[in-house]
Structure formats: C-alpha cells, structure tokens
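[1] predicted coordinates and the sequence they were generated for:
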Amino acid sequence: MATMPSIKSREIKIVQDIPISKTLQFWESLKQGKVLATKCKRCGKLYFPPVADCSECLASDMEWVELSDEATIETFTHVVVRPTTFQPEKPYTVAIGRLKEGVRVLAWLTGFKLSEVKVGMKAKLVAKITPEGKPIYEFIRPE
Amino acid sequence: MQYGDVMKKVAIIGVGCSKFGVRNDVNVAELAFEAFKPSVEDAGITPKEIEFVAVGSTGAGAWYEELLPAVVSAEYCGLTGAGLIRCEAACASGSAAFSTAYWAVASGQVEIAAALGIEKMREIDTPTMMEWIGRAGYYLWEFHNFGLTFPAYYALYATAHMAKYGTTEEDLALVAVKNHKYASMNPIAHLQNRIIVDDVLSSMVIAAPLKLFDCCPVSDGAASVILASEDKVKELKVDTPVWVAGVGFASGTANMSKRLDYVGLEASVQASQKAYKMAKITPDQLDVAVVHDCFTIAEIMAYEDIGLCEKGEGAKLLREGQTEIGGKIPVNVDGGLKAKGHPIGTTGCAMIYELTKQLREEAIEKSRQVPMKNYIALAHNVGGTGHYCYVTILRR
Ligand SMILES: [Zn+2]
C-alpha cells in the first residue's frame, strides 16, 4: 500500500502513578521472598491478586496470608511477538498455575525448555528481585 | 413475564459497511461517513430523523487521535443534535452500541436510533498496538509485569483446549482456511487471499501455539445500523425489516487467573443462553451465524459455548465442514474477524450488517449467500478475552 499523505499528531509521553498503598505489604514482602494473598476476615474468601476490599461480602477487613509455593500449571503460552515496552526482553513464557489453597497465579515461567512445559506439570512459585531491582514473582522448576 | 418480554418490537431498517483494511486514506470521521451514508440511504431516511446515536469505538485518543469520536463523527455525518453516547466493551463495543440503540427504541423513548461502529487502528506502529491491546485485561496484575498480548491471552485458551480435548494446530488452521475462503468472495474484506493449512502451520509464531495466520489482521473499518420501531417500519413502508429477536449479554473476570477454566468463555455461554431465551429459539433453528473469531481458537470455542455443538466437539464440527455453506450451520461466511478484519469497536455493527444482508438474501456475492429456512441468524461478539460478551439474534 502506497504511503498516504498524513500529518503527525503532537507527541505526548504517558506515565501513570499507580497507587499501591493498600497492597503495599504485598510488594514489600516480595523483597523478603514471600508471595502474599489476602483473606477476608468476615467471609474467609482468599484473594490473589491481593485486594483491600472483599467483592464477595463487601467487607474491608482483610488479613495477609503467605501462599504455598507448589503450583500446578493449568495453561501457558510463549510470547514471541512482544509489546513495545517488552521489546528489550527475550521471548517469554507466561503460565497460570493453581496453588493448593485454590487460588491461581499468572506469572512468567522460567527455567524450562518450552518443549518441556506441559499442562498439569508442577512448578514452584517464588518471589524475587529483578536485575533492575523490581520485586516480582514467577514460576520456576521445582527442586 | 419472560426475559425481554417488556421490549417493544425493533427492526433493522438500514445497514452500511466501509471497506475494511489499512485505511490511511481517511480519518475517523470520513471512515464513519463511508458506512453511515449507505445505511441511511438503505433505510430511506435522512440523518435528521435519527434521534439517538450509540457509537462503538475503543481506541479513542490511544490508537487514533480523536478522544470524542462520537461527536466528531456525528458532526461529520449530520447527526449533531441527536442523543449521543460512546460505548466501550473492548472488541464488543460495536455490539454494546447496537444494544444501546436497540434499548433506546425498544423502550419506546425514540422511534429511530443508529448504532455506529468506528475504529482506526493503523495510525500507530504494530508493537505499540500490541502494547495497547495487551493492556486491555487487567493492566496492573497481568500486563505490567508479564507483558501479555492479545494473541497471548487467547493462546492460554488454545493450550488448555488442545490439552483437554485433543484439538490440534491443524484444526485451528482449518478455521483460518475457511474464513479466508469466504473473505476472498467478499470485496470489503481486509484479507482476500485464499490460504491452505500449511500456510498457517508454517507462519511465524506470535504467541505459541498461535501463529500469524491464526490471528486476525489489525484493521480499520466502520459499520452503521439504523433501527426503528414497528410504527416507524409501517410508516416508512420498509420492504424487508429484520427484527431484533434476542439480545443477551454477560461478562467475565478482568484477571485471567480468576477464570473457571481455560477451555471456553463463560460469558459466551451466559450471553447466548439469554439471547436464545429472549428469542424463544434453540441453536438448531439458526440458519447462519457470525462468531467472534479474533483468533482461530476463539471460533472453535464459540461453536461450543453458544451451543452449535457439545463442549469439546468444536473441532469435529469444523472438520466435518458443518460450518461451511451447505453444512448444518454456516459460520462467518463474510470472512469473519480472521479475514474480513477486526476493527475492534466496529466488529459488532459489521456482524449485524452481514446478518441483515444474509437474512434479506441480498449478500452481494451470491456465492456466499446462505440458503434460508427459518430466517433466523445469530451474532456472537466477545470483548477482550471473554471480558464482555454480547449475543444478538435477528429474525426476518
Ligand atoms: Zn468477605
């Protein structure tokens, strides 16, 4: 298709400051190697990702609970064509794992060859700090 | 009282659709005009007779420059003064707009309303488009750290469906082959090339197991639908009104990690059941359907979720050719999102355009006119990855 005449829009840079004060303990605990969920003190529902308010009973009284690290992989994909802000990364595998507590976690899965990754296999959920100093959680090969 | 019984009868009296594709020859308002003009001509009315307009568009201010496409397009089309709203339901925004316009007429508040789907996706580069659409889930929890893309969300479903039901990459490819075949007969389709299974299997991996030819193109396009009350249909002496028989809707969690499973979209199941109930029909009465095939796996799951076959039997239905013209239930004979193209906020209105033409038996290209028995058609439109779903049933 031939290039059509056009004018460039004015350029803006968009960076939002996303509040995390209500889930701060989650982000802080990652630095200590713990992945936390929240549990509603009124109805007992467990939440991952963590929440400050219960969508089940509408209470806002939650407690922090450390999650187990054993996950069963329910599904996964290997992302080859990456979005702009992930261009510097190598292709990555994203998986959804179910923990024994019943909640699921979506995170990168590392330490496996893609051909080894199967639905139903076990993986370990760990918290870590990226080389850039960002706290994060991911699935790795169990010992 | 039955679901939807309180509604007044509403008919589609005019439809229009632009050429889909890379439309860098027009801006958003000019593109809207291309779809709108034929729809009012088809209806035999003037823009000033339209009392309410619902616009489906998703990328306003993000992938195209206008933040208020509804007002910009309404002014350009001579609709200023009408009630106006923009509806966002991601890739189902067009159906959200259609439903909103339908409710305006069905409630008795207005006699004539329009639903306009407008999307311009090709003014920015592809990685930035992948970024924007990847953010359309739960940005904070699933994009920010993990970089999921739109194909990747559906790839999560493809992996699980293949593991549970034995669906293969060849099965997925058959969806693309079928939809490209029909798009090749549709002059307004974005991709009009015929392909074979090997073309799909050998195309580059985008998000495994989905490859380039498993994915819909990034398209520009607009579609317009004019709706009117039963009184207005009589007054205007409309030849072949197409009646809205059922509208169903539902939603799914923002977090993929909170879905019940990864082999179907619960929102599709719920929305379709509501639509069947309101229309008082069963899936076997449908003559034709358009389903949301943004990725090949999505069409197979849609067959199952909207009840064209049993759960897990989608690939079999496809392999048997039952969703081709001549089969039990022809699906996406306009080329689908996969090949006609998927300008995301437009798609819902473009589906209604196609079904209206089919029900009136005036598909421009006779080769893809579905033979009508009951004159009942269904449109299934998903927003995001089962985040939203709208199902519409039309009847002539
Ligand atoms: Zn609670």
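    That came through, no problem. Numbering: from 1, shown residues only, chains lettered A, B, ... in the order given.
[2] quick check: B:Gly137 vs B:Gly147, distance?
    From B:Gly137 across to B:Gly147, the span is 11 Å (C-beta to C-beta, to the nearest Å). Placement of C-beta: from N, CA and C, glycine included.
[3] elements contacting the one helix or strand in chain B whose mean pLDDT sits lowest?
    When the helices and strands of chain B are scored by mean pLDDT, DSSP states H and E, helix B:126-134 comes last with a mean of 92. With contacts taken as 3 or more C-beta pairs under 8 Å, 6 or more residues apart in numbering or on different chains; DSSP states H and E, helix B:126-134 sits against helix B:150-165.
[4] find the nearest non-adjacent residue to B:Ala158, please.
    B:Ile297 (4.0 Å; C-beta to C-beta, 6 or more residues apart in numbering or on different chains).
[5] check contacts around that neighbour.
    The neighbourhood of B:Ile297, defined by C-beta atoms under 8 Å, 6 or more residues apart in numbering or on different chains, consists of B:154-155, B:157-158, B:161, B:167, B:172, B:210, B:214.
[6] need the contact list for B:His190.
    Here B:His190 is in contact with B:20-22, B:183, B:217, B:219, B:221, B:339-341 (criterion: C-beta under 8 Å, 6+ apart).
[7] at 10 Å instead, please
    B:19-23, B:183, B:216-221, B:335, B:337-343 (C-beta atoms under 10 Å, 6 or more residues apart in numbering or on different chains).
[8] which of these are buried?
    Neighbour counting with 16 or more other C-beta atoms under 10 Å in any protein chain shown marks B:19-21, B:23, B:183, B:216-221, B:335, B:337-343 as buried within the contacts of B:His190.
[9] in strands only, show me those residues.
    Members of the buried ones among the contacts of B:His190 lying in strands (criterion: DSSP state E): B:Gly221.
[10] give the helix, strand or coil label for the spatially most central residue of chain A.
    The centroid of chain A falls nearest to A:Ala107 when counting by C-alpha atoms, centre = their mean (4.3 Å). Three-state assignment for A:Ala107 (DSSP: H, G, I helix; E, B strand; the rest coil): strand.
[11] coming back round to it: in a markdown table: the contacts of B:Ile297, plus pLDDT and neighbour count.
    Listed next are the contacts of B:Ile297 as a markdown table, based on pLDDT from 0 to 100; neighbours: other C-beta atoms under 10 Å in any protein chain shown:
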| residue | pLDDT | neighbour count |
| --- | --- | --- |
| B:Tyr154 | 98 | 24 |
| B:Ala155 | 98 | 29 |
| B:Tyr157 | 98 | 26 |
| B:Ala158 | 98 | 28 |
| B:His161 | 98 | 26 |
| B:Thr167 | 98 | 24 |
| B:Leu172 | 98 | 28 |
| B:Leu210 | 98 | 29 |
| B:Asp214 | 98 | 29 |
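[12] export those to TSV and append columns for distance to B:Ile45.
    What follows is the contacts of B:Ile297, written out as TSV (distance: C-beta to C-beta, whole Å):
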residue	distance to B:Ile45
B:Tyr154	40
B:Ala155	45
B:Tyr157	42
B:Ala158	45
B:His161	45
B:Thr167	47
B:Leu172	43
B:Leu210	43
B:Asp214	41
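[13] ok, so of those, who is nearest chain A?
    B:Ala155 (3.6 Å; C-beta to the nearest C-beta).
[14] next up, phi/psi of the residue nearest to that closest one when sequence neighbours are not counted, please.
    Distances taken as C-beta to C-beta, 6+ apart place A:Thr77 nearest to B:Ala155, at 3.6 Å, with adjacent residues excluded. The phi and psi values for A:Thr77, taken as degrees, to the nearest 10, are phi -150, psi 160.
[15] residue contacts, A:Thr77?
    A:Thr77 makes contacts with A:92-96, A:109, A:117, B:148-149, B:151-159, B:206-210, as judged by C-beta under 10 Å, 6+ apart.
[16] could you give the bridge partners of it?
    Note on A:Thr77: beta-bridge partners A:Val94, judged by DSSP bridges.
[17] could I get the pLDDT score of it?
    For A:Thr77, the model assigns a pLDDT of 98.
[18] any idea how far B:Cys389 is from it?
    A:Thr77 is 22 Å from B:Cys389, where distance means C-beta to C-beta.
[19] then B:Arg360?
    26 Å.
[20] so for these two, which sits in the more crowded spot?
    Per other C-beta atoms under 10 Å in any protein chain shown, whichever of B:Arg360 and B:Cys389 has more neighbours is B:Cys389, with 32 against 18.
[21] need the helices for chain A, in chain order.
    Under the criterion DSSP state H, chain A contains helices at A:24-31.
[22] which parts of it belong to which domain?
    Using automatic domain parsing, the domain ranges for chain A come out as A:20-66, A:68-143.
[23] could you say which of the ones you listed is packed most deeply?
    Highest mean neighbour count of these: domain A:68-143, a mean of 17 (counted as mean count of other C-beta atoms under 10 Å in any protein chain shown).
[24] quick one: terminal-to-terminal distance for that domain?
    By C-alpha to C-alpha, to the nearest Å, the extent of domain A:68-143 from end to end equals 15 Å.
[25] mind checking pLDDT for B:Ile364?
    69.
[26] shaky segments in the chain?
    Unless you meant another one, I'm taking chain A. Across chain A, the ranges flagged by pLDDT under 70 are A:1-2.
[27] to clarify, I was referring to chain B.
    Counting by pLDDT under 70, chain B shows low-confidence ranges at B:1-2, B:364.
[28] ranges for the strands of it?
    B:10-17, B:52-56, B:83-87, B:112-119, B:205-208, B:210-211, B:221-229, B:242-251, B:288-290, B:376-383, B:388-395.
[29] and the contacts of the shortest one?
    Put plainly, it is strand B:210-211. For strand B:210-211, contacts defined as C-beta under 10 Å, 6+ apart pick out A:77-78, A:80-81, B:149, B:151-152, B:154-159, B:169, B:172-173, B:176, B:199-205, B:295-297.
[30] if we use 8 Å, what do you get?
    For strand B:210-211, the surrounding residues in contact (C-beta under 8 Å, 6+ apart) are A:77, B:151, B:154-155, B:158, B:169, B:172, B:200-201, B:203-205, B:295-297.
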